[in-house]
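# The following block contains a protein sequence and its predicted model.
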Amino acid sequence: MDYLASERSRSRRADPKIILPECKSILVLALPYTNTEFRTQNSEFSIAAYALGDDYHDVIPPRLQEIISFIETQIGHPIPNRYYTDTGPILERELAQRAGLGWIGKNSMLINPQAGSTFLLAEILLGIELEPDESFPTDHCGTCTRCIDACPTQCILPNRTLDANRCISFLTIENKGDIPEDLRPPMQNWIFGCDICQQVCPWNRFSQPADPALETKIPLPVLTSDLLLLSSEFNQRFKKSPIARAKRRGYLRNLAVVIGNTGNADDIPILEQALQDDEPLIRDHAKWAIKNIHSAK
């Protein structure tokens, strides 16, 4: 994720007018994604709740376009605009806090007192002036450290920063290479993303029901036999899912690690078949999983 530290990205985050010179207002929106599985996932393999439905990168932009069209209809002429949903170098959570949607918690998530943190953010940069909302004035994390204490990789630091290189979400999605061996056991049973810091957050008892487009769509439960998915089978199963971002090699890499973490010797035959995969990344993590299962005996 070094691209976020580039001079171009830093300057664009600091000044939206570099993105849209006519920018006078930024409209910040939130879409809830909480699924029942968010609170009850006890299956052998866990997936972050937002990834159980359709890919929000496909769901949200058409809705943003509709909002822009509505605004243009109301004022009677086109307006300069740009919109994002986790797709551009802007400080989404800071903008959301300034727009009054919540405060940034110790786990770096934006938290709303009536909706918790289980929602996705989107922004529309507009070339018209809108009356600004008041920024969210207070922090309600208090002395609570549940997210810090619960994080299995200790990626949440006490100074409200996050070590992304240790975050399970980064390791299973953005990371395209090997998962460091010392971080494989702490991944527990997460094969795509992680919700632990949100699951323990007391504010998420107020989480809102998922938008229909983000309700569970992918076939569940995930099975150990998924480790043998062909590329065509993977693409068909996850063609509308955020899980497609990990690609087959990343998804099966993650799955191999979790199978190794479960320590079930009955899974060794499938792992041995994965040793014949054309993808070295999958073979290497399957080999580690077999070794880990044997050492747990």
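Alright, I've got the coordinates.

# and the lengthiest helix in the chain, C-alpha only, in PDB?
Looking across the chain with DSSP state H, the single longest helix is helix 56-75. Listed next in PDB are the C-alpha coordinates belonging to helix 56-75 (Å, rounded to 0.1, in the frame of the first residue of the first chain):
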ATOM      1  CA  TYR A  56     -19.900  -2.400  -2.700                       C
ATOM      2  CA  HIS A  57     -17.600  -1.000  -5.400                       C
ATOM      3  CA  ASP A  58     -20.400  -2.100  -7.800                       C
ATOM      4  CA  VAL A  59     -23.400  -1.300  -5.500                       C
ATOM      5  CA  ILE A  60     -22.600   2.300  -4.300                       C
ATOM      6  CA  PRO A  61     -21.400   4.200  -7.400                       C
ATOM      7  CA  PRO A  62     -24.700   4.000  -9.300                       C
ATOM      8  CA  ARG A  63     -26.500   5.400  -6.200                       C
ATOM      9  CA  LEU A  64     -24.000   8.200  -6.000                       C
ATOM     10  CA  GLN A  65     -24.800   9.000  -9.700                       C
ATOM     11  CA  GLU A  66     -28.500   9.100  -8.800                       C
ATOM     12  CA  ILE A  67     -27.900  11.600  -6.000                       C
ATOM     13  CA  ILE A  68     -25.900  13.800  -8.400                       C
ATOM     14  CA  SER A  69     -28.700  13.600 -11.000                       C
ATOM     15  CA  PHE A  70     -31.200  14.500  -8.300                       C
ATOM     16  CA  ILE A  71     -29.200  17.600  -7.200                       C
ATOM     17  CA  GLU A  72     -28.700  18.700 -10.800                       C
ATOM     18  CA  THR A  73     -32.400  18.400 -11.400                       C
ATOM     19  CA  GLN A  74     -33.200  20.500  -8.300                       C
ATOM     20  CA  ILE A  75     -30.800  23.300  -9.300                       C
END
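
# immediately after it, which helix or strand?
strand 81-84 (DSSP states H and E).

# Next, the residues that contact the helix or strand following that next one from outside, please.
As assigned by DSSP H and E, the chain's next helix or strand after strand 81-84 is helix 92-98. Outside helix 92-98, the residues within contact range by C-beta atoms under 8 Å, 6 or more residues apart in numbering are 26, 28, 30, 84, 86, 102-104, 108-110, 121, 123, 135-136. Every C-beta, even on glycine, is put in place using the N, C-alpha and C of the backbone.

# Repeat that for stretch 239-250.
Outside stretch 239-250, the residues that reach it (C-beta under 8 Å, 6+ apart) are 47, 50-51, 53-58, 172-173, 175-176, 192, 217-218, 229, 231, 234-235, 238, 251, 254, 279, 281-282.

# Contacts only, for the most centrally placed residue in the chain.
The C-alpha lying nearest the average C-alpha coordinate of the chain belongs to G193 (C-alpha atoms, centre = their mean; 5.8 Å). By C-beta under 8 Å, 6+ apart, the contact set of G193 is 47-48, 50-51, 168-169, 172-173.

# Report pLDDT for E215.
pLDDT for E215: 88.

# next one: the one 5 residues further on
Turning to L220, the model gives it a pLDDT of 83.

# Output the lowest mean pLDDT helix or strand found in this structure.
Sorting the helices and strands of the chain by mean pLDDT, DSSP states H and E puts helix 36-40 at the bottom, at a mean of 50.

# elements contacting the helix or strand just after that one?
Sequence-wise, the next helix or strand downstream of helix 36-40 (DSSP H and E) is strand 46-47. When contacts are defined as 3 or more C-beta pairs under 8 Å, 6 or more residues apart in numbering; DSSP states H and E, strand 46-47 sits against strand 190-192.

# List the residues that contact the residue lying closest to S108 once chain neighbours are set aside.
Nearest residue to S108, sequence neighbours excluded (C-beta to C-beta, 6 or more residues apart in numbering): L162, at 4.8 Å. By C-beta under 8 Å, 6+ apart, L162 lies in contact with 107-108, 155-156.
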